[in-house]
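> Turn this into a model:
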Amino acid sequence: MITLKKSIQLLLSAMLVFTLTPSIIGGGQAKAAITGFVTRSGSQLTVDGQPFRFGSANIYWLGLDENVPPGTVDYPTAFRVNDVLATAKEMGVNVVRSHAAISFGCPKCIKPTLTTYNETAFQQLDYVIKTAGDQGVRLILPLIDQYNYYHGGKKSWTKWFGYPDDGISYTGYEFYNQPAIIDAFKQYVNTLLNRVNTYTGVAYKDDPTIMAWETGNELGWFDNPTAFKNWTTEIAGYLKQLDTHHLVMDGSYGVVDSHLTIPGIDIYSDHFYQWPNVGSCCKGLSVTQLQTQATKVQNAGKVMYVGEYAWNYETQGTLSNFLSAIQSTPVIAGDAFWALFGHGDDYGYEQHNESFTVHYPGDTPAMQTAVQQMRNHAFAMRGMSVPAHGVPGAPLLTSHAVSGGKYQLKWRGSVPSATYTVERSTAGSSGPWTVVCNACATDNQTPWTDATSTSGTAAWYRVKGVNLGGVAGAYSNVYATGGTALPIPGSFALTAPSGGSTGVGVTPAFAWGASANASSYTLVVANNASYASPIINAAGLTATSYTPSAALADGTTYYWKVTAANGTGSTAASNSGLSFTTATAPPQTSTLDDFESYASDSALQTAYVRNTSGGAVTVNRDTTNKNGGTYGMKMAYTVSSSPDFAGITKQLGTANWTGKTGLQLWLKPDGSGRTLTLQFKETSGEMWETYYVMSGTSATVLQLPFTSFAHPGWYSGGNGTLDPGSISEYSIYVNKAAGSAGSGTLYVDSVAAQTFSPPPVNVAIDDFEGYGGANASLQAAYVPNASGGALTRTLDTANKNGGTYGMKLAYTVSASPDYSGATKTLGNVNWSGTTGLSLWFKPDGSNRKFTVQFKEAGGETWETAVTMSGTTASVLQLPFGVFAHPGWYSGGNGVIDKGAIGEISFYVNMGSGSAGSSSIYLDSVQAY
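Numbers count the residues shown, from 1 in each chain. The predicted model follows:
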């Protein structure tokens, strides 16, 4: 729901024809403030093993709003986000449902077009998640809307794919069954889940602040329930594949019986409104219908959530009875009223033209009674006694006017004020003060007129909020009527880090002077002077200092600026734009073995103990094959069909690798195609290992980040969290794997736990400017797959993203071969710290598939594909989460090791297109 009346009338008029249809359609270290994920055990939710029930509210507009002024789509200010989440917390709410991730097809949406993302919009969602976590509030985020509201919905996607718009808000059912649309939507979901929050440094899929992903808002396809169920099953399964932490909620309008067996769904929801009595959509606050739905979910062994309800429609049941029934029905984990709004930026409450709007502590006696019922209920759901009302924060006097010869004041409200006391001085800003309104004004009575004032007479005012218990809070700023409005913030300057400073720590304490009349500050830090894609964008700061929770990169130049703001305007620091450079950290290494300390081969063999269940292994010191010093280690081994492995283990005592990010070793492999396994054990016994396919014989330095290590297939146990602070042993194994039985020899040196230096924010792969304008050089770099169709590679000066050249690929595909492509060797390039690949791409509209593929240095291969349905050039962003093994590939450890990438390839596959020839264009290929 948002402004549902028009949409629901259209929906109901369509449904009247189908009243017998059973299915009805219907909203430092990276760290999160909240800890512990919400999990499900049967029909109960838990956190850290304890039952979890919650109070909840709908705040749909946190990401993008249409209310200020009415009909204008814009990002809500940091104040409004902070204020409404503080209001929710005061009401006992610890879970908020928001449409903030539904953001398609508008200029300020997260996804303005099919092929683009809006970083500013994403940063708004970053701020929402960060602020919710700071307030101790978890989030439920639906992913798509049934209706075509201002923030987009499924019709945004059908329009992008060329399906006509019939003008009805809730149609666009192609979204549910067209593979190309589903694939594109899944790419959005992947990008969303893998997004790293710019405030916390935590990926969304790893953030406990998010309680659940909801497949959508009030979804349904009543005349094709099978296709709709298939879509829900696919999306739920995809979410579970990408994200092992979070719950998934069915976004259908109502509990759909056939969906109760979908394995990827944890929670089912229903919305309780009172529309004309058509089908099962019109429940009001009926306890009978509530319990009917809850029983179905209970019998399915899942959890129920009342996702929305009309708190003020009591024809079919009272709010009190409805909430009591929820409390006494354990399968219902929580419930969310529609819909909460907070204070406006200038004065009063933010208004929304809908009868379900909630302001706290209430606009009318009826609302005041209802919100206290909902507050008491929220704390009861959490198993808590209802606390005393909170102490109000400081209001902000923003402006004044003269009306009828009297001063009329505006102030921005504070949570949880019920009334405000106004004091006036005629002597100056320090008083003395006279109370001219003793808890007499509410947020609905601003602008407030001081009936005892005389315009033209000097006057100073201050305001404080008073809660429902009569407790007063902090005073506002002092406001002088000598000005026509609150002055914009005064001048101020940045103080630390100073301009041009070097050797700055990676978690610097940013500091600046105070700005007169400022209510908040915004700090922006970026690694470029234009502040594109900022590293830090911290809004709503009230102090004049800030220390980031996530470390900056070593040896990097950053630029920073601060802006002060209040209800009138904003002022940038006078010296905004200062730069500083962080210190270059020395390599941090904890050596496991450099093989220099062994007096004899016998001593080496005593240290490295063979696994006697495996094949033969002999280790010796070697003076020829080494990384440095005098010795490396030679490992001669034999593997067969059984045993198909051979390995050695060295005891480490209790090694502490804290602060290290992975293992590094010099390796000269034997080209056998067998798999080298590096394994270690914690003192607790928990085992970890990663793999490298020995496909060549050239010596290389392997960097194996801890993120690439997983439990061995034969191991069960442990807590699933790698503890580098207590390591007892490490092992080196060779597995036959895809190689053949036989004997081989490899060489190892310089084994160490190390902190790998981070790469640049973006890693350039090819901008096609480095070939001297010579096609022959380009063609030597991009080698065609000889088994595929014809492919001509040339530099192109017309179709490009920038510079002088892009690359043109003129290709031919047929029934066999049905692909054409080329590969560029990269060496062992390091993409660590990047989140995906991006490239400028101009397709040919052939409906064939364009495939981007890369191979790790160890041989593990990954690819993703897009359908070339149009001819418009765009920048493709392909997060690593959308890459998977090609269908023809088997092997590897299933984890992308971005630290050592050997090659990249570009292919065209015939796909659903036809045989033929065409051309595509590429430029600006990079890991981002």
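> Might one say that Phe706 is in contact with Leu722?
Yes. Counting by C-beta atoms under 8 Å, Leu722 is a contact partner of Phe706 at 5.6 Å. C-beta here means a position set from N, CA and C on the backbone, and glycine is covered the same way.
> tell me, what's touching the two both at once?
Common contacts of Phe706 and Leu722 (C-beta atoms under 8 Å, 6 or more residues apart in numbering): Trp688.
> which residue ranges form the strands in the stretch 201-350 of the chain?
According to DSSP state E, counting those that start in this stretch, the stretch 201-350 of the chain carries its strands in the segments 210-214, 247-250, 267-272, 303-309, 332-337.
> burial measure for the residue nearest to Thr745 when sequence neighbours are not counted, as a count.
What sits nearest to Thr745 in space, not counting adjacent residues and going by C-beta to C-beta, 6 or more residues apart in numbering, is Ala636, at 4.7 Å. As a burial measure, Ala636 scores 15 neighbours (other C-beta atoms under 10 Å).
> do the same with Thr624
If we define neighbours as other C-beta under 10 Å, then Thr624 has 9 of them.
> any idea how far it is from Asn893?
Distance, Thr624 to Asn893, by C-beta to C-beta, to the nearest Å: 31 Å.
> Next: His99.
As defined by C-beta to C-beta, His99 lies at a distance of 38 Å from Asn893.
> More neighbours: the two, which one.
Ranked by neighbour count (other C-beta under 10 Å), His99 and Asn893 place His99 first, with 28 against 19.
> That one contacts Ile144, correct?
No. Using C-beta under 8 Å as the test, His99 is too far from Ile144 to be in contact (9.8 Å).
> Residues that sit against both of these two, list them.
By C-beta under 8 Å, 6+ apart, His99 and Ile144 have these common neighbours: Asn217.
> Helices of the chain, start to end?
For the chain, applying DSSP state H gives helices covering 4-15, 78-90, 119-134, 154-160, 174-177, 179-194, 225-242, 287-299, 319-327, 365-381, 601-607, 775-781.
> right, and those - which one's nearest Val882?
Taking C-beta to C-beta, helix 179-194 is the member of the helices of the chain nearest to Val882, at 4.8 Å.
> and stretch 869-885, how far out from the chain's middle?
In terms of C-alpha atoms, centre = their mean, to the nearest Å, the centre of stretch 869-885 is set 19 Å apart from its chain centre.
> I misspoke; the intended subject was stretch 342-362.
29 Å.
> Stretch 399-409 too?
Taking mean C-alpha positions (C-alpha atoms, centre = their mean), stretch 399-409 and its chain are 46 Å apart.
> And that stretch, what's buried?
Within stretch 399-409, the residues scored as buried using 16 or more other C-beta atoms under 10 Å are 399-400, 407-409.
> ditto for stretch 591-607
Per 16+ other C-beta under 10 Å, stretch 591-607 contains these buried residues: 592-595, 598, 601, 604-605, 607.
> and which of those residues is nearest to Lys302?
Comparing the buried residues of stretch 591-607 against Lys302 with C-beta to C-beta picks out Leu592 as the nearest, at 47.8 Å.
> tell me the contacts of that closest one?
650, 652, 655, 663, 730, 751-753.
> what about the strands in the stretch 601-750 of the chain?
Applying DSSP E, counting those that start in this stretch to the stretch 601-750 of the chain gives strands spanning 608-610, 617-622, 632-639, 645-655, 662-668, 675-682, 687-693, 700-705, 727-735, 742-755.
> Can you check which of these gets nearest to Pro817?
With C-beta to C-beta as the measure, strand 687-693 is the member of the strands of the stretch 601-750 of the chain nearest Pro817 (25.8 Å).
> Show me what the closest one is packed against.
strand 675-682, strand 700-705 (3 or more C-beta pairs under 8 Å, 6 or more residues apart in numbering; DSSP states H and E).
> Mind doing that once more with 7 Å?
Applying 3 or more C-beta pairs under 7 Å, 6 or more residues apart in numbering; DSSP states H and E, we find strand 687-693 packed against strand 675-682.
> and the strand it packs on, which strands flank it?
Next to strand 675-682 in the sheet, as set by DSSP bridges, lie strand 687-693 (antiparallel), strand 727-735 (antiparallel).
> weakest of the ones you listed in terms of mean pLDDT?
Mean pLDDT is lowest for strand 687-693 out of those, coming in at a mean of 85.
> Just want the angle from that strand to strand 662-668.
40 degrees (axes from the mean of the first three to the mean of the last three C-alpha atoms, to 10 degrees).
> Please find the angle between the direction vectors of strand 687-693 and strand 700-705.
Put simply, strand 687-693 runs at 140 degrees to strand 700-705, going by the same axes, to 10 degrees.
> How many residues are close by Phe161?
If you count neighbours by other C-beta under 10 Å, Phe161 ends up with 16.
> In space, what's closest to the spatially most central residue of the chain - neighbours in sequence excluded?
Taking C-alpha atoms, centre = their mean, the centroid of the chain lies closest to Tyr204, which sits 3.0 Å from it. Once flanking residues are discounted, Tyr204 sits nearest to Arg195: 5.0 Å by C-beta to C-beta, 6+ apart.
> Just give me the neighbour total for the one you found.
Counted with other C-beta under 10 Å, residues neighbouring Arg195 total 22.
> try Asn376
So Asn376, with other C-beta under 10 Å, has 17 neighbours.
> so what's the residue nearest to Thr745 bridging to?
Bridge pairing for Ala636 (DSSP bridges) gives the partners Thr618, Thr745.
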